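Q: mind folding the following:
(chains A and B)
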Amino acid sequence: MFKRVLPTVVAAMAGLLILLGYFVPIGFLGTMRIVLVQWATVLAAFALLLAYLNILRVHVGRLFRKRAPNRVASMILVLASIMVLVLVILQGSDGEFVQAWLSMVLIPGQSALLALTAITLTLAGTRLLRTRRNGYTVIFLLGALITLMAAIPIVYPPMVGVVMGFVDAVAMGGVRGLLLGVVLGIVLTGLRIILGIDRPHSGE
Amino acid sequence: MLNQDGRRICSRCGKALPHTEIRCPKCGTLNRVGNVFCDHCNARLIQPSQILPPDVPTPAEEAHESSSLKSIQLPSRAGSVEGSVPQAGELPDWLLDLGIADSGDDDANGETDEISGQGSYPDWLSNLFDEDAQLVEEDEELADNDLSLDLEPEQLPDWLIGDDVALTSPDAGSAVEEVPDWLAGIEGTEEMSAAVEPESLSAEIETMSFSDSFGWGLGEEEAPEADVIPAEEGAELLQADVPDWLSKARKFDEDEVVFDTAVGLEQEDEISDQASVESSLELPDWLAELGGVNAEREESLAAGNESALSGVDNTVGLPDWLLSLVPGEATAAPEPASVPAPASEPVAMPDWLSDIGAESSGVSSGVFTKHADTVENEVPESEGPDWLEHVVAEAAPPSLASGVPAFLGEEIQGEPGAFEEEATETPEWLQGLEFTAADALDSSFAPDVALGKADMPQWLQDLRPPEVAGESGMGGADTSVLVPADIPDWVQALRPEAGEQGKGTRDRGRWATLAEPEGPLVGLHGVLPGLALVDMTPESDNGRKDAIPEAVIQQAQFWQSLLEQPRSAERPVARKVRSSQASPVVRVIVFLAFALLSLFAFLLLPADLQFVQTMPRTLAPGAAELVTSLDRVQPGQRVIVAWECALPYADEMFQIAAPVLEHLDDRQAHLVFVSTIPEGTTMGMSLAQQVRYQSELSDGGYLLGNDNGIAAYLGASEADAVQHVVVLSSQSERFRWWVEQVALTGSQRGTGLSLSVAVTASVKPLVAPYLQTDAVQGWIAGYTGGLAYRQSRGEVLTDFHTRAWDVLMLGHWFVAALLLLGMLYSLIAGKKGVQ
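A: As a prediction, this is how the structure comes out:
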């Protein structure tokens, strides 16, 4: 009862209310939809807090374990997380120290990693035909070359528009197909949950 | 016909013989006939109690229990054909084998032999008989007297037919028919005495049951209805029929019979004295010699002169086990102190012989008289046992006396008067039987021959029921007198041997039938092959179906190998693939190329030289629409700026979003930074500070719940005044959330909610389907889009912008060139690892 029936009923009712709130112009349904979404936001906030505490628990436990790997990294993570938490609490999310920490540490570091990714991808592309030689590899490399040429308006500027149009058409067609599939899957999953066929909230 | 064990088809008719095996009582494995121990678990297949069962079932019971344990004799061959087990269980098997000859007709169809009351011969004798028959067939002189199994009943001698004239009395019980003739001859007079039917002595004679009197040697079948005879007459007859030494042995073998010791011994003395005189007239020579020797022995013992006996040496040709037949064993057996005459001590007689004597009388009458004082020893000559009469009669002819035993002489005799002619046809091995026994009788008086319990090996003693062992006259004998010479070789050969671990004595069933090296059966083959005693039906062959599957065995071996592997053994680990030495070099070259290209564009390239000739506006068609969309923002109007850009793309996003924020600042819009990324609003605020945003700024905060958070924020009252949403994203999924929720909120409001987009170059192909919809009023992508937006607003690109643009274009060319070179090199060099 409390493990299968009740959660299923609650989930189905919540889904139906929100769905009706989108399609039926009734104020009560709209209000119920907003209330339920806010409940979900609060629960997500607690989930984020739990995630933060879990990270601290794991890495603090690793600090006190003698043979634990990467104890130094764990120590840095714990210290950084505690320090940022304290600074944000004291100065807020737009404080000077938080801004400086973000713009001087986090963003350059992440950008450097992304630049290395560019070099790595370039090298991988050059050796791709040596390790895997088939039709898909050739298509992948040709697609990359065409995209690069489309972004290079140096050789012949009128050609840029043609190439860009070709790339957009191909990419847009493929992505739209993917998106439609994703949307259909989401709808189907929502209906199964609402109808009680799938019960992820009860562990089934 | 009885076939040798191990044969699959009948040697005569060629039909398949039933396959017999012994099921282990412990594990159920079917073992070869002949195994004493199980091949699988080494458990004993035949328990001692089964080898020498105290009771022998009736033929009907045997027929009913055809699949159960049957024969009881250890040194005999188990009948491969059901029903071949001798019925006359009253006798010890080996003695039965000696006396019983083939009397039954073999079933030509391979059916089981009928269990006749005459008793079927043991296998080894049947083999001998077959061999003899073959020899006779080859011998033309014996062709007329073929001893094959096809003899007609009328051609058979009496002892083979079993229909002795003396036993044709209607009062003869069924048990009489089960006794062989030569033994029935002993009881023939008893039958006759029983036929007299005198007055009942039930009130005066204590009876004992048939089985009780015979102990282990008898079956469990009920004794035939007691023929009550007068005490005096019955005692006379009984005592006259049985030799004195046998009768005394019998008396001492029965514990149930309570004798008055003093009276009994005195009477026995009298009986022995009288019998020694009278029986000398009836007994054959060799038995008469026994009596004479007994008398001499008594005298010699009385005189203390045993040296006179030592000179008698007639043991040549007599096996040791036959020595136990003679009454002279009494000299080696302990004798009661009250017995004056050691020659008549029944203790000296083996219990199996006493069983014979008791059985012969018990079979005929079914009762025993306990009042020995009423027994008279005067025996009519005509009432002597048949076989003894034949022996006496046949003792005269020198041909028979030279080697043919009495019962065999009777067999050969066939018809009265034809003995002399047919005696010559007797096989030699049979001719030597009697006289070797007679010689053995004489030799048994040698003082250096220790008999008694030594006649029975210990392993055979263990097989006997305990009550029999206790009752046996040899039970009190000292076993230390046992010497190996007393055990016949064939018995020694049957001694169970311990096999190897988990291996039974299979070879026993394949023993060759070697010729007897010595004794009366010298030169004969197939003598007493040690085979087991159990016949199993072919239907019981179910044990072999329990074989373990090969897969199970392999699995068990696998787990065993895992368990045997030590814990410290190194586990196989993935070997690190060593990259070629050229890889680091190529990486360094690529890195240096990128770095030099950037420096060249910024430091070495002349200011008037510009690679980018094309205006960025042509590359960003949505830039103009975005400018138009933001131009509609009114001063002080709240504009939601969703910062959905990750940190690695922050720098790129700064180049893209900076002209947009500058435009909004120009429009004096109130910017509210929100994000579904925790650090999103912080980065947005940082960007605003970089562009020196002068208008109102606010931090809308982190939106929990992803798309739900966006929906909740847009549905809140504080977002009611918002007319425009700018999404700055480097992630397609988050961008999709915003597009969907903004479109939904705008439709719900009815007034609409415009959406402007600025995305990074990498995410542009993924969000392209959303960019070219009505939900998005304007969009730019990548650094090119930022420059295009500036150009669309009419700004003049600075030197920094143009050089950065050139570096970006050179970088693209460089990457494209590397890819082309790599593809050509790969096509020339071939696939890696392929020669």
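Q: what sits closest to residue A:102 if chain neighbours are left out?
A: residue B:682 (5.5 Å; C-beta to C-beta, 6 or more residues apart in numbering or on different chains). Any C-beta I mention is one placed from the backbone N, CA and C, and that applies to glycine too.
Q: now that neighbour: how far from residue B:795?
A: Applying C-beta to C-beta, to the nearest Å, the value for residue B:682 to residue B:795 is 28 Å.
Q: which single residue of chain A ends up nearest chain B?
A: Nearest residue of chain A to chain B: residue A:126, at 2.4 Å (C-beta to the nearest C-beta).
Q: now do the SS call for the residue of chain B at minimum distance from chain A.
A: Residue of chain B nearest chain A, by C-beta to the nearest C-beta: residue B:822 (2.4 Å). Under DSSP: H, G, I helix; E, B strand; the rest coil, residue B:822 falls in the helix class.
Q: the nearest residue to it once chain neighbours are set aside: how many residues sit nearby?
A: Leaving aside its sequence neighbours, residue B:822 sits nearest to residue A:126 (C-beta to C-beta, 6+ apart; 2.4 Å). For residue A:126, the count of nearby residues is 22 (other C-beta atoms under 10 Å in any protein chain shown).
Q: name the element the residue nearest to residue A:102 belongs to?
A: For residue B:682, the host element (DSSP states H and E) is helix B:680-690.
Q: quick check, pLDDT for residue B:215.
A: At residue B:215, the pLDDT value in this model is 39.
Q: surely the residue of chain A closest to chain B is in contact with residue B:821?
A: Yes - using C-beta atoms under 8 Å, residue A:126 makes contact with residue B:821 at a distance of 6.7 Å.
Q: contacting residues around the residue of chain A closest to chain B?
A: Going by C-beta atoms under 8 Å, 6 or more residues apart in numbering or on different chains, residue A:126 touches B:586, B:818-819, B:821-823, B:825-826.
Q: again, only using 10 Å
A: Taking C-beta atoms under 10 Å, 6 or more residues apart in numbering or on different chains, we find residue A:126 in contact with A:141, B:586, B:590, B:815, B:818-826.
Q: now those residues as a markdown table including distance to residue A:65?
A: Listed next are these as a markdown table, based on distance: C-beta to C-beta, whole Å:
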| residue | distance to residue A:65 |
| --- | --- |
| A:141 | 47 |
| B:586 | 41 |
| B:590 | 41 |
| B:815 | 45 |
| B:818 | 46 |
| B:819 | 47 |
| B:820 | 52 |
| B:821 | 50 |
| B:822 | 46 |
| B:823 | 49 |
| B:824 | 53 |
| B:825 | 49 |
| B:826 | 47 |
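Q: and which of these is nearest to residue A:108?
A: residue B:590 (21.1 Å; C-beta to C-beta).
Q: so what's the closest one scoring on pLDDT?
A: At residue B:590, pLDDT is 81.
Q: which residues are in contact with it?
A: By C-beta under 10 Å, 6+ apart, the contact list for residue B:590 reads A:118-120, A:122-123, A:126, B:814-815, B:818.
Q: just the buried subset of these, written out for ChimeraX, thanks.
A: To isolate the buried subset of those in ChimeraX, counting by 16 or more other C-beta atoms under 10 Å in any protein chain shown, use the following:
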select /A:119,122,123,126 /B:814,815,818
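Q: returning to that earlier point: who has more neighbours, residue B:682 and residue B:795?
A: residue B:682 (26 against 14).
Q: now do the buried residues in stretch B:682-696.
A: Result for stretch B:682-696 [16+ other C-beta under 10 Å]: buried residues B:682-688, B:691, B:693, B:695.
Q: quick one: is stretch B:767-782 near chain A?
A: Yes - applying C-beta under 10 Å from any C-beta of the partner chain, one finds stretch B:767-782 touching chain A at B:767-772, B:782.
Q: give me the buried subset of the residues you listed.
A: By 16+ other C-beta under 10 Å, these give B:767-771, B:782 as buried.
Q: before we move on, the earlier item: filter the residues of stretch B:767-782 next to chain A down to the ones in helices?
A: Among the residues of stretch B:767-782 next to chain A, DSSP state H puts B:767-771, B:782 in helices.
Q: so residue B:709 is in contact with residue A:38, correct?
A: Yes - here residue B:709 reaches residue A:38: they are 9.3 Å apart, a contact under C-beta atoms under 10 Å.
Q: can you pull out the helices in chain A?
A: A:5-23, A:27-63, A:71-91, A:96-101, A:107-126, A:128-131, A:135-150, A:157-194.
Q: including distance to residue B:716 and mean pLDDT, could those helices go into JSON lines?
A: JSON lines is the format used below for the helices of chain A (distance: least, C-beta to C-beta, whole Å; pLDDT from 0 to 100):
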{"stretch": "helix A:5-23", "distance to residue B:716": "15", "mean pLDDT": "83"}
{"stretch": "helix A:27-63", "distance to residue B:716": "8", "mean pLDDT": "86"}
{"stretch": "helix A:71-91", "distance to residue B:716": "23", "mean pLDDT": "89"}
{"stretch": "helix A:96-101", "distance to residue B:716": "25", "mean pLDDT": "82"}
{"stretch": "helix A:107-126", "distance to residue B:716": "30", "mean pLDDT": "86"}
{"stretch": "helix A:128-131", "distance to residue B:716": "50", "mean pLDDT": "82"}
{"stretch": "helix A:135-150", "distance to residue B:716": "41", "mean pLDDT": "84"}
{"stretch": "helix A:157-194", "distance to residue B:716": "24", "mean pLDDT": "83"}
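Q: to residue B:639, which of those lies closest?
A: Nearest of the helices of chain A to residue B:639, taken as C-beta to C-beta: helix A:96-101 at 21.3 Å.
Q: does chain B sit close to stretch A:133-147?
A: Yes - judged by C-beta under 10 Å from any C-beta, stretch A:133-147 and chain B are in contact via A:133, A:137-138, A:141-142, A:144-147.
Q: which one of these sits closest to residue B:761?
A: In terms of C-beta to C-beta, no member of the residues of stretch A:133-147 next to chain B lies closer to residue B:761 than residue A:147, at 9.8 Å.
Q: ok, now how distant is the closest one from residue B:735?
A: On the measure of C-beta to C-beta, residue A:147 and residue B:735 end up 20 Å apart.
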